[in-house]
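In: my questions are about this predicted structure, shown below with the sequence.
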Amino acid sequence: YAATSQVPLIKDPSLRVPPPIPAPKDLHPLPPRLEDYFVYPFTLEQFVLEQREKREKLKREELRKVAPGWTSGQTLLPDSA
């Protein structure tokens, strides 16, 4: 690398550093602790659980159409006539 230390650096005059972007005056500063922003939304929990149960129910119904009795885990017995 000793040979490269003698090579002069050529700066292209068309390249320049852009000016800094001014921040707005009403910018909300971050709090000292970011944990204040990590609040668990307890109101959302029931909605998420209902959606999960709805998806599982639809999946079980689709499986029941394809293979009745597959998801129940019980052995299918013929109806006695």
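Out: Looks like it came in fine. Because the structure is a prediction, the values reported are computed rather than measured. Numbers count the residues shown, from 1 in each chain.
In: tell me the contacts of Pro31?
Out: Counting by CB atoms under 8 Å, 6 or more residues apart in numbering, Pro31 touches Tyr37. C-betas here are computed from N, CA, C, even on glycine.
In: which SS state does it fall under?
Out: Following DSSP: H, G, I helix; E, B strand; the rest coil, the label given to Pro31 is coil.
In: from Ala23, how far off is it?
Out: 17 Å (CB to CB, to the nearest Å).
In: helices of the protein, start to end?
Out: 42-66 (DSSP state H).
In: which stretches of it have low pLDDT?
Out: 1, 69-76, 81 (pLDDT under 70).
In: count the neighbours of Leu44 for me.
Out: Other residues near Leu44 number 9, with proximity taken as other CB atoms under 10 Å.
In: make residue 1 into 509 and carry on from there
Out: Yes, from this point I'll number from 509; that puts the last item at Leu552.
In: alright, calling it a day.
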